[in-house]
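1. Please find the sequence and the predicted model below.
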Amino acid sequence: MIENIDFSLINWSRAQFALTAVYHWIFVPLTLGLALIMAIMESLYVKTGAEHWKRTAQFWMKLFGINFAIGVATGIILEFEFGTNWSTYSWFVGDIFGAPLAIEGILAFFMEATFIAVMFFGWEKVSKRFHLASTWLTGIGATLSAWWILVANAWMQHPVGMEFNPDTVRNEMVDFFAVAASPVAVAKFFHSVLSGWVLGAVFVAGVSSWFLLRQRHREFALRSMKVAVVVGLAASLLSAWSGDSSAYQVARTQPMKLAAMEGLYDGGYDMGLVGVGVLNPDKQSYDDGKEAFLFRIEIPNMLSFLSTRTADGYVPGIRNIIEGGYPTDCGEKALSADEKMRRGRQAIEALGDYREAKRFGNQQAADSARQALQANMGYFGYGYMKDAGELVPNVPLNFYAFRVMVLLGGYFILFFAVVLFSLYKRDISRMKWLQYVALWSIPLGYIAGQAGWIVAETGRQPWAIQDLLPVTAAVSRLEPQSVQVTFFIFLALFTVMLAAGISIMVRAIRKGPAMNAEI
Amino acid sequence: MESTYIFLQQYWWFIVSFLGGLLVFLLFVQGGNSLLFCLGKTEEQRSLLVNSTGRKWEFTFTTLVTFGGAFFASFPLFYSTSFGGAYWLWMLILFSFVLQAVSYEFQSKAGNLLGKRAYQIFLVINGVMGPFLLGVAVATFFTGADYHVDKMSLVREFSPAVSVWGSPWHGLEALASPWNVVLGLAVFFLARILGLLYFLNNIRDEELNRRSRRVLGVDTVFFLMFFLAFIYRTLVAPGPAVEPNTGYIYLQPYKYLSNLLQMPLVLSLFLIGVFFVLYGILRSVYSRTYVRGIWPAGSGTVLTVLALLLCAGYNHTAYYPSLADLQSSLTLANSCSSEFTLKVMAWVSLMIPFVLGYIVYAWRAMDKKKLTRKELEGEEHKY
């Protein structure tokens, strides 16, 4: 291990991937949410035969199309960036990771691509029912796509269903169902898709409110709101449940991420959940002896309960995870980071010994090296670490992003409950304050989604694949300048596309739905 | 190596090659876009052209993504080596497709910031760069690339690189090889031809049809010139052969020609494919009323590309030769996924006929009525 790591290459590669993912996630949730809402609207049209439902669905489809195009553009980049920027990763785990991506293409993308064309252009060319099926299948295709990409992502967070093969020097899949139906993937799928439905509902409610504020297309706006708010309330309530499942999985599989989310340096039993808190900006590392918080209000025992399902359960903090010695789920004492790094280096050395022994036909030495490798393989990625401090993700970013997401999640439940009540029990078209609240809630939906992904992805740093491969060992061997240039090209491209997309959407909304004045 | 494993490797190379063939056929979208200003002399004509290809662009996009995904799942060492190494070549391809993705939807919408013309130019850029650069990238399957594979780097280095690219140009050096450029140009002109044949089939407009047939003749001459030159060079050039028992790779004279002769089924696919392509083109050139040329030419394209890619990977051939270290060259055996993964994916691939089935069904339903100016006038959603 003689080579110095080129951190500028790693950081630019991470920045490029993060940039693409952030932009992609601006468009995907709205695609998922609008797909459901407009499919419900078209179903109402087919069921009732009322023309106004068709026009309502068509208006939201127009906005869906604008949003969808940029989502596709950013999505293609993400898939190929695994190869272009993370080539060692692509080999090391491609045997497992590639499969969900291929299945996504075969089963989901083609469904979306085929039926979206029928949805947009088929009104006069196919029957009502075929068209309705196409609209639903477009949404189902998008949701299936989310399933497979989240299976892939969940596998990076919690690698299961594979074994390391020293002959091929990579991890290989041995249990497809363990990968495709891992509890982490299930929790992640529901939480991500439900958050997309929440955003879609907030978007429709917000835009509809704008029409009410402008006193235009009143009936259209109220109709749209009714569908959106029912979807939104159901999705936001379910989101709270899926969020809890997701966080529980984090507690079980990525304790360091949980500790960062909570700003928890010193764990223990009976741990409280920080409801409101301000981190101490002077705290620079887990062992500098400084207080973690300037101020905090805790809900007693809640963190223990949410993490372990018992009110007095043990939750490790960052220092505990680095120093080890705390009780784990399986009843053993946790290893210290130094010990894990030592075992990781042993695993890497054993791999080298195994390959050498095989090259010289020394089977006995090969068997012995293989045993050593298998005994330490769980810590393989730690062998690429130089310092235990590298294992700690960005605590303030995770702490605040997590709180923003949770607070906004709670806000959306309240918001949809109030709007639903007002729709049915009051005259919402006269409640200007609520219309303004709905309109200004649109950006909050995006902020919540982005905050969630920041927690999911920065919380797992420094790992590309938890415990198996850090980003420093996963990156392609490129000149940093190449990645810098492509980063700025993508930044410019995506930003222009986003600005154009927003501008077109605003114009389309201002123009309003193609309806007679009375409807 | 077990026979099941060998079968699965060959099976997946077939699937990837088939997807490659399908992708080249679907490049008719790009080929059509490259002709936007050449055929469309008025805004109305350009609108017809854009709305014609615009209803199919997602298929090309999806096939490109699935082609990449299938390669990743079945031959991850290629994904790692080529994408991570030929960085700039792939990035240029991706940039051009990113431009295309929004250009359809945005160009006619109010508030698009850049103006209609800019988005139309983006479509032309994608139409030219996409097929040409994909052709250049595929040519390296026959002409080789500058890399070496070093899996033991994982043991030696803190920041290991399993595949290391030799050239600092990271893929752009492929453009300096005349034979790569020749195949790039062949794919470019083929995409244009397919685009023209698609327009003849999909649009009912006298003037556009007349102009399309005229351009078709010229592009066919260029296509044949570049395609035949590349085929000739490939058949007479030495190719990387693999010693099946040891995996040792060596250069064998007339390797690709031998492959075709030793695999009569592949040779038949190739000849039938070429025949159908030529039949579709020539009948469209010589008959003023024939508009179905896209189907024989399209299926011929799929068969020809399939046969060429099978020729690159089957019969103990290294499908991605390394110019830096011949023993690093990628073969089906040394670059594929594990038997388990290939088996799982093989089960998934049984869905492909079903997927193709609903695509054909939906395509036919949408294209029963041909695109006319009148239809566009009354269309709610148009580009």
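-> Yes, it's here. Note that the structure is a prediction, hence the values are computed from the model and not measured.

2. In a strand, B:Ala161, correct?
-> No: B:Ala161: not assigned to a strand; according to DSSP: H, G, I helix; E, B strand; the rest coil it is coil.

3. Now do the same contact list for it.
-> A:87-88, A:476-477, B:150, B:153 (Cβ atoms under 8 Å, 6 or more residues apart in numbering or on different chains). Where you see a C-beta, it was placed from the backbone N, CA and C, and this is true even at glycine.

4. In space, what's closest to residue 177 - neighbours in sequence excluded?
-> Picking chain A for this. A:Gly161 (7.5 Å; Cβ to Cβ, 6 or more residues apart in numbering or on different chains).

5. if you could check chain B rather than the one you did, that'd help
-> B:Thr143 (5.7 Å).

6. likewise A:Gly94?
-> Per Cβ to Cβ, 6+ apart, closest to A:Gly94 is B:Pro76, 2.6 Å.

7. Go ahead and confirm A:Val184 touches A:Gln157.
-> Yes: A:Val184 sits in contact with A:Gln157 when judged by Cβ atoms under 8 Å, with a separation of 5.7 Å.

8. Comparing these two, which shows the higher neighbour count?
-> Each of A:Val184 and A:Gln157 has its neighbours counted (other Cβ atoms under 10 Å in any protein chain shown); A:Val184 has more, 25 against 22.

9. Would you point out which residue is most central in chain A?
-> Residue closest to the mean C-alpha point of chain A, counted by Cα atoms, centre = their mean, is A:Trp453 at 4.3 Å.

10. Wait, a strand at it?
-> No: A:Trp453: not assigned to a strand; according to three-state DSSP it is helix.

11. ok, A:Val184 - contacts?
-> Per Cβ under 8 Å, 6+ apart, neighbours of A:Val184: A:154, A:157-158, A:249, A:253.

12. Please name the nearest non-neighbouring residue to A:Trp453.
-> A:Trp25 (5.4 Å).

13. One more: A:Thr168?
-> Nearest to A:Thr168 is B:Ser338, by Cβ to Cβ, 6+ apart, at 7.4 Å.

14. Settle this for me: that neighbour is touching A:Asp167, isn't it.
-> No: the criterion here is Cβ under 8 Å, and B:Ser338 misses it with A:Asp167 at 10.4 Å.

15. Of those two, give the one with the bigger neighbour count.
-> More crowded of B:Ser338 and A:Asp167, by other Cβ under 10 Å: B:Ser338, with 22 against 11.

16. can you pull the contacts of the more buried one?
-> A:95, A:165, A:168, A:172-173.

17. Tell me the confidence at the closest residue to B:Gly300 other than its chain neighbours?
-> Nearest residue to B:Gly300 in three dimensions, chain neighbours excluded: B:Phe276, at 2.8 Å (Cβ to Cβ, 6+ apart). pLDDT for B:Phe276: 98.

18. and B:Phe276, which of the three is it?
-> helix.

19. quick one, helices of the stretch 351-500 of chain A?
-> Along the stretch 351-500 of chain A, counting by DSSP state H, counting those that start in this stretch, helices occupy A:363-376, A:395-425, A:432-458, A:471-474, A:480-511.

20. helices or strands next to the shortest one in the packing?
-> In other words, helix A:471-474. Counting contacts by 3 or more Cβ pairs under 8 Å, 6 or more residues apart in numbering or on different chains; DSSP states H and E, helix A:471-474 is packed against helix A:7-48, helix A:87-103, strand A:463-465.
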